[in-house]
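Enquirer: build me a model from this:
(one chain, ligands or ions: 1)
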Amino acid sequence: MSWKSMDDLALAGKTVLTRVDINVPMEGDVVTDTTRIDKICPTVADIIARGGKVVLLAHFGRPKGKVVPEMSLKRVQPTLEAAMGRKVVFVERPSRPLIDGLPFDSVILVENTRFSAMEEANDPAMARFLASLGDVFCNDAFSAAHRAHASTEGIAHLLPSFAGRLMEEELRALESALGNPQRPVVAVVGGAKVSTKLELLGNLVTKVDHLVIGGGMANTFLVAQGIEVGKSLAERDMAPLALQIMAKAKAAGCTLHLPVDVVVAAAFQAGADNSIVAPNACPPDQMILDAGPATVAALTAVFESCKTLIWNGPLGAFEIAPFDAATTAAARVAAALTKAHKLVSVAGGGDTVFALNHAGVASDFTFISTAGGAFLEWMEGKVLPGVAAL
Ligand code: AMP
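Expert: Numbering: from 1, shown residues only. Here you go, the predicted structure:
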């Protein structure tokens, strides 16, 4: 797939509507992970260096078309200013004259695009309104490129458009890792969103040599095999689909890896009393919250036998210790193999990035994608509307 970059257009004196992903996690007034903000800084700096005026368009949370004060982008303004080292002007109700009146060396941040239901509906009227605010459109939100929304897709048809630096970097890295990867390839798919990822798993089994299933999702596969998982997170109605995926993997020659031991506890609480048991030995009043050390050892052997690793989703409920242990240990193995030039490692998805940062190894991976859904859809080989429009 080809796309236009910043180098293909003249930006001097132009107002550049720049779609970014600054959907960062917050606790109170504090942004707890600034990765997404840090990653858009090069694009912003580059546009300004070329004489363009940056107007940031972004969503924040899921306000579902309504104004939700807690989801105002004003909350991230101080963090943006700190990361970019320049003034960020927050604009609740944007208009062209207002934007024209602001200086070129400041960054303009427009309120949450999803405060209007027209955004996700990709309403042409919203796309036209957004387009009227600037001269050129830069899409630097790879993570939102799988959705055809007014600020990602609709607008790209109305203005000269190009991919920002982060988008470019993402597209190049994913192409080299997934377009024609060095085999064997192992994919790790974990996390909680079982129903959304089961379909992806079905696709992946035809493309990778090893598929590691972790987190809450693995529980659904255990249930599908008639194993009782107590109070664990599991989508029981997905069991037939899980069985289909197992059959499909077998037919495609993809080896499926489920936990061989698990960490169970009565509650999802920091430092909760926990024990390591076989996957079929979760007590009825307890829940599986992580994979155990034998699983990590098995994964280490799989990683060592592979040349390419694609990772999305944690192996356990990693936000709370000690249920971060398997994710952290496996991430460190992957990072060490990558540093030793034995593995090309590509990881993506919001939670995955936090988990790898938590393990202190994110910078050792070959490439970290900030995208969740878009990363997964790319892994499925789907055309991303936001990229196609560029
Ligand atoms: P996802 O957004 O689908 O990648 O899911 C990430 C979330 O899955 C994280 O918040 C984890 O805490 C959660 N998770 C992973 N494993 C488990 C588990 N065994 N039980 C409950 N939650 C889990």
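
Enquirer: host element of the closest residue to the ligand within the chain?
Expert: Evaluated by Cβ to the nearest ligand atom, the chain has residue 191 as its residue closest to the ligand, separated by 2.4 Å. Where you see a C-beta, it was placed from the backbone N, CA and C, and this is true even at glycine. Using DSSP states H and E, residue 191 maps to neither a helix nor a strand.

Enquirer: okay but it is in contact with residue 351, surely?
Expert: Yes - counting by Cβ atoms under 8 Å, residue 351 is a contact partner of residue 191 at 5.9 Å.

Enquirer: these two: which is more packed in?
Expert: Between residue 191 and residue 351, counted using other Cβ atoms under 10 Å, the more crowded position is residue 191 (24 against 20).

Enquirer: residues in contact with that one?
Expert: Counting by Cβ atoms under 8 Å, 6 or more residues apart in numbering, residue 191 touches 197, 214-217, 312-314, 349, 351-352.

Enquirer: in strands only, show me these.
Expert: residue 312 (DSSP state E).

Enquirer: most neighbours, which of the contacts of residue 191?
Expert: residue 314 (32 neighbours).

Enquirer: separation between it and residue 211?
Expert: In this view, residue 314 and residue 211 are 16 Å apart by Cβ to Cβ, to the nearest Å.

Enquirer: kindly report the same for residue 49.
Expert: 44 Å.

Enquirer: looking at those two, which one has more neighbours?
Expert: Neighbour count, other Cβ under 10 Å: between residue 49 and residue 211, residue 211 has more, with 24 against 9.

Enquirer: quick one: the more buried one is in a helix?
Expert: No - checked against DSSP: H, G, I helix; E, B strand; the rest coil, residue 211 lies outside a helix; its state is strand.

Enquirer: if I look at it, what pLDDT would I see?
Expert: Reported pLDDT at residue 211 in the predicted model: 97.

Enquirer: distance check, it against residue 258.
Expert: Going from residue 211 to residue 258 by Cβ to Cβ gives 10 Å.

Enquirer: for residue 366, same thing?
Expert: From residue 366 over to residue 258 the distance is 26 Å, taken as Cβ to Cβ.

Enquirer: who has more neighbours out of those two?
Expert: Taking neighbours as other Cβ under 10 Å, residue 366 and residue 258 compare with residue 258 leading, 21 against 18.

Enquirer: please name the residues that touch the more buried one.
Expert: By Cβ under 8 Å, 6+ apart, the neighbours of residue 258 are 213, 218, 221-222, 279.

Enquirer: ok, now with 10 Å
Expert: Counting by Cβ atoms under 10 Å, 6 or more residues apart in numbering, residue 258 touches 211-214, 217-219, 221-222, 225, 227, 246, 279, 291, 295, 298.

Enquirer: do residue 136 as well
Expert: Contacts of residue 136 were listed using Cβ under 10 Å, 6+ apart, and they are 6, 9-11, 14-18, 47, 52, 159-162.

Enquirer: residue 219 - how many residues pack around it?
Expert: Residue 219: 29 neighbours (other Cβ under 10 Å).

Enquirer: ok, now which ones touch it?
Expert: Taking Cβ under 10 Å, 6+ apart as the criterion, residue 219 is in contact with 192, 194, 213, 227, 229-230, 232-236, 242, 258-259, 262, 279, 282, 287-288.

Enquirer: mind checking the pLDDT average for the helix or strand that contains it?
Expert: Using DSSP H and E, residue 219 falls within helix 215-224. Across helix 215-224, pLDDT averages out at 95.

Enquirer: do stretch 29-41 as well
Expert: The pLDDT scores in stretch 29-41 average 94.

Enquirer: about what we covered before: who wins on neighbours among the contacts of residue 258?
Expert: Among the contacts of residue 258, the one with the most neighbours (other Cβ under 10 Å) is residue 291, at 32 neighbours.

Enquirer: find the nearest non-adjacent residue to that one, please.
Expert: Excluding the flanking residues, the one nearest residue 291 by Cβ to Cβ, 6 or more residues apart in numbering is residue 326, at 3.9 Å.

Enquirer: residue 115 too?
Expert: Distance criterion Cβ to Cβ, 6+ apart; nearest residue to residue 115, sequence neighbours excluded, is residue 67 at 4.9 Å.

Enquirer: what parts of the stretch 101-250 of the chain come near the ligand?
Expert: Within the stretch 101-250 of the chain, the positions near the ligand by Cβ under 6 Å from any ligand atom are 191-193, 215-216, 233.

Enquirer: between residue 191 and residue 351, which contacts overlap?
Expert: Residues touching both residue 191 and residue 351 (Cβ under 10 Å, 6+ apart) are 215, 312-314, 318, 372.

Enquirer: just these now: which is nearest residue 271?
Expert: Nearest to residue 271, judged by Cβ to Cβ, of the shared contacts of residue 191 and residue 351 is residue 318 at 14.6 Å.

Enquirer: which SS state does the closest one fall under?
Expert: Here residue 318 is recorded as coil under three-state DSSP.

Enquirer: how many residues are close by it?
Expert: 27.

Enquirer: now residue 319
Expert: The burial count for residue 319: 14, using other Cβ under 10 Å.

Enquirer: how far away is it from residue 61?
Expert: Residue 319 sits 18 Å away from residue 61, going by Cβ to Cβ.

Enquirer: can you list the domain ranges for the chain.
Expert: For the chain, automatic domain parsing gives the domain ranges 6-168, 181-380.

Enquirer: compare those and say which comes out lowest on pLDDT.
Expert: Note on these: lowest mean pLDDT is at domain 181-380, with a mean of 93.

Enquirer: so how far is it from its chain's centroid?
Expert: Computed by Cα atoms, centre = their mean, to the nearest Å, the chain-centroid distance of domain 181-380 equals 15 Å.

Enquirer: so how far is the first residue of that domain from its last?
Expert: End-to-end distance of domain 181-380 (Cα to Cα, to the nearest Å): 14 Å.

Enquirer: for the stretch 1-150 of the chain, which segments count as helices?
Expert: With DSSP state H, counting those that start in this stretch as the criterion, the stretch 1-150 of the chain has helices at 35-49, 77-84, 96-100, 117-120, 124-132.
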